[in-house]
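Below are the sequence and a predicted model for it; my questions follow.
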Amino acid sequence: MRRLRPAILPILLACGLVLIAAHPASAAEEGGESSALNGLFQWINFAIVAGLIGWLLVKKGPGFFAARAVEIGSAIEEAAKVKAQADAQRREAEQRLANLASEIEEMRAEARRDAATEAGRIQAATKEESAKIGRAAQLEVEAAGRGARAALQAMASWRSLELAEALLRTEITPAQEDGMFATFLGELGGRRN
């Protein structure tokens, strides 16, 4: 409250000086004693109004200005908080931007490592699959070879029998054939016992 009183007194003094300076000019215009009396009433009127205004300023001013100062202080504090948050967000964004190039390079390096690992895995799988196919082909060739040998042996046996039969037909006479048949029957009869 004491802080505002020194500020109000110069204002009141300035208003009083303005009125005093204005009084001789208005008295000269009106002229006579009635204007001096009017001037006195004007001064009294001014003193009452100025006193009321001064009293209101002294009485109500400190509370109003203190409340206004509190509002302004809280607004300043709020603005400081908002500014601090904005600065933190700005620093975070700058840090992200600064780290963006290194993050991109790190992602690229990881992608290269993953690609190399995947290529190695694919090559290993391809070699394994190729080896399986090679073993399967070898087994098929061996099986086909065995089948072909068996077929060749069967064909050779059949052909041998045909040749032997043809040879026997040309070399063995019907009498020799009957003798061989009788010998075979004798051997069969002896084996029965």
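Done, it's in. Numbers count the residues shown, from 1 in each chain.

where does the protein have low pLDDT?
1-34, 191-193 (pLDDT under 70).

what about the strands in it?
Using DSSP state E, no strands are assigned anywhere in the chain.

And the helices in this structure?
4-30, 33-171, 174-192 (DSSP state H).

mind giving me TSV with these and columns for mean neighbour count?
C-betas here are computed from N, CA, C, even on glycine. As requested, those are arranged in TSV below (neighbours: other CB atoms under 10 Å):
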stretch	mean neighbour count
helix 4-30	12
helix 33-171	11
helix 174-192	9
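
how near is the residue of the chain most remote from its centre to Leu185?
Distance to the chain centre peaks in the chain at Ala175, reaching 105.3 Å (criterion: CA atoms, centre = their mean). Plainly put, Ala175 is 16 Å away from Leu185 if you go by CB to CB, to the nearest Å.

ok, Ala79 - contacts?
Residues counted as contacts of Ala79 (CB atoms under 8 Å, 6 or more residues apart in numbering): none.

Look up how far Glu118 lies from it.
Ala79 is 55 Å from Glu118, by CB to CB.

Now find how far off-centre stretch 173-189 is within its chain.
Distance of stretch 173-189 from its chain centroid, counting by CA atoms, centre = their mean, to the nearest Å, is 101 Å.

quick one: contacts of that stretch?
In contact with stretch 173-189 (CB under 8 Å, 6+ apart) are residues Ile172.

All good on my end, thank you.
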